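# here is a sequence together with a model predicted from it:
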Amino acid sequence: MALKRFAGNAGELVTVEHQSAILADNPLGDPHVRRFPVWLPPDYNRKGLHDRGKRFPVLFDLVGYTGSGAAHTNWRAFDENVPERAARLIHQHKMTGCIIVFPDCFTALGGNQYINSSAIGNYADYLTRELIPFIDKEFRTLASREHRGCFGKSSGGYGALIHGMKYTRYWGAIASHSGDAYFDFIYRADWPNTLTELARFRPDKQREGAWSLPSGYRGDGTDDGRIQAFLQYAWKRENLNPAELHCLMNLCMAATYDPDPSAPNGFRVPFDLETGALLPERWRFWLRHDPALLVNRHKSNLRKLKAIYLDCGWRDQYNIHYGNRMISSQLSKHGITHRYDEFDGTHSGIDRRMDVSLPFLQAALRA
């Protein structure tokens, strides 16, 4: 259902509303009715008999953690949003027209990784089984995987990588900007800070003197009350400081990678909440989702993609470039054609890289 349009030489931005059966009754109580933007290229509604039936490739923009699709269509000071960038690239003849979809996959935990989780919701199914056919029905798309791709940055880049590995029947090409990879570097090193934040909500308040475990403490990655207390605190706050936000992010990742319907909050964490000891049996669940370790398992699917693009800054503060180098090395080992670029940058302020990825994807997916 189209709600509003903004027309001009930059194309048209259409806000659509979709009611999801897959997200209904999700464990976090997040909305199952979502509004999100869809960008139509400048020639989508161009007048002319030969244009009325023209169909277009489709790109899905998967945003990073704490983001939502609409954020990529907002006005930006001294910069371009994604529709403006795509329109410029088209007018510069660096790419031709395509439809860009900006899904809303935000959750109470700050986002998700675009995979299915019993603790968050089945967002892989939401994208592939609901949004793809919905978009193909509502707009003049080239409705086949050969003309459909996804791209994203950070968690969105992770989503593109995983979808390219596991959901190739839906996607013909992917692009990942600084996509999460090599969990031992990017997540494991950040957990001491998260444990310290959670300690503020320890059921038995810590006191000076002899240290002891809280009464009834299990040490198996299940919540002893502090995680739920932190979440209740975070959900009431208007602004979280950086340490609190990273704590919420790591809990979101735990709910994504190690959901457990029998555990409090529906998930477990990979470290002993008191001693900080790694819980190997829990960490193994995380590593099953690490794209740096999955190329060999999914090489047959990756070979089916028409195009694979990856890039990362060699000063990425989360050390994601190491994981991306691992992926590129494995792709090369298996003879899988791809492009991996590195650039002088960090994890932040890298939207300019879409000047490379969008034409790369569109060229692979166009009719």
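Thanks, I have the structure now.

# distance of Asp25 from Phe134?
19 Å (CB to CB, to the nearest Å). (Glycine included, C-beta is placed from N, CA and C.)

# what about the two, which has more around it?
Phe134 (15 against 9; other CB atoms under 10 Å).

# how near is that one to Cys150?
Distance from Phe134 to Cys150, by CB to CB: 15 Å.

# now swap in Val295 and tell me
For Val295, the distance to Cys150 - CB to CB - is 18 Å.

# so those two - more neighbours on which side?
More neighbours surround Cys150 than the other of Val295 and Cys150, with 31 against 21 (other CB under 10 Å).

# looks like that one contacts Ala160 (just checking).
Yes: using CB atoms under 8 Å, Cys150 is in contact with Ala160, at 4.9 Å.

# between the two, which contacts overlap?
Listed as contacting both Cys150 and Ala160 by CB atoms under 8 Å, 6 or more residues apart in numbering are Leu62, Ile174, Ala175.

# may I have the beta-bridge partners of the last one?
I take that to be Ala175. Phe151, Tyr309 (DSSP bridges).

# next one: the first one
Under the criterion DSSP bridges, Leu62 forms beta bridges with Gly152.

# for it, give me its contacts.
Pro103, Cys105, Tyr114, Cys150, Phe151, Gly152, Ser155, Gly156, Gly157, Gly159, Ala160.

# now do the strands in the stretch 1-150 of the chain.
2-6, 12-19, 33-40, 58-62, 99-101, 116-117, 121-122, 148-153 (DSSP state E, counting those that start in this stretch).

# what helices or strands is the helix or strand that the last one is followed by leaning on?
The C-terminal neighbour of strand 148-153 among helices and strands, as given by DSSP states H and E, is helix 155-166. Packed against helix 155-166, as judged by 3 or more CB pairs under 8 Å, 6 or more residues apart in numbering; DSSP states H and E, are the following elements: strand 58-62, helix 123-125, strand 148-153, strand 173-177, helix 299-304, strand 307-313.

# most tightly packed of the ones you listed?
The highest mean neighbour count among these, using mean count of other CB atoms under 10 Å, belongs to strand 173-177: a mean of 30.

# that one: how far from the chain's middle?
Centre-to-centre, strand 173-177 and its host chain are 11 Å apart (CA atoms, centre = their mean, to the nearest Å).

# break this protein down into its structural domains.
2-181+290-365, 185-287 (automatic domain parsing).

# in TSV: those domains, plus mean pLDDT.
Compiled in TSV, the domains of the chain are given as follows (pLDDT from 0 to 100):
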stretch	mean pLDDT
domain 2-181+290-365	94
domain 185-287	95
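
# most tightly surrounded among those domains?
domain 2-181+290-365 (a mean of 19).

# can I assume Gly172 is in contact with Lys306?
Yes: shown here, Gly172 and Lys306 form a contact pair, counting by CB under 8 Å, at 4.8 Å.

# list the residues that contact both of those two?
Glu146, Ala364, Leu365.

# spit out the contact partners of Ala173.
Gly149, Leu305, Lys306, Ala307, Ile308, Tyr309, Leu361, Ala364, Leu365.

# er, His321 actually
Counting by CB under 8 Å, 6+ apart, His321 has contacts Ser178, Cys312, Gly313, Trp314, Glu342.

# what residues are up against Lys94?
Asp355, Pro359.

# in a markdown table, list the helices and strands packed on helix 155-166 along with distance to Asp223.
Output for these, formatted as a markdown table (distance: least, CB to CB, whole Å):
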| stretch | distance to Asp223 |
| --- | --- |
| strand 58-62 | 29 |
| helix 123-125 | 23 |
| strand 148-153 | 30 |
| strand 173-177 | 32 |
| helix 299-304 | 36 |
| strand 307-313 | 34 |
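
# mind checking those for the one nearest to Gly219?
helix 123-125 (30.7 Å; CB to CB).

# output the contacting helices and strands for the closest one.
Partner elements for helix 123-125 (3+ CB pairs under 8 Å, 6+ apart): strand 116-117, helix 155-166.

# which among the ones you listed is found nearest to Phe36?
Nearest to Phe36 among these is helix 155-166; the distance by CB to CB comes to 13.9 Å.

# send the alpha carbons of that closest one over as PDB?
C-alpha atoms of helix 155-166 as PDB (Å, rounded to 0.1, in the frame of the first residue of the first chain):
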ATOM      1  CA  SER A 155      25.600  -5.800  10.600                       C
ATOM      2  CA  GLY A 156      24.000  -5.100   7.200                       C
ATOM      3  CA  GLY A 157      27.200  -6.300   5.500                       C
ATOM      4  CA  TYR A 158      27.100  -9.400   7.600                       C
ATOM      5  CA  GLY A 159      23.500  -9.900   6.500                       C
ATOM      6  CA  ALA A 160      24.500  -9.700   2.900                       C
ATOM      7  CA  LEU A 161      27.300 -12.200   3.400                       C
ATOM      8  CA  ILE A 162      25.100 -14.700   5.100                       C
ATOM      9  CA  HIS A 163      22.300 -14.300   2.600                       C
ATOM     10  CA  GLY A 164      24.800 -14.800  -0.200                       C
ATOM     11  CA  MET A 165      26.000 -18.000   1.500                       C
ATOM     12  CA  LYS A 166      22.700 -19.500   2.700                       C
END
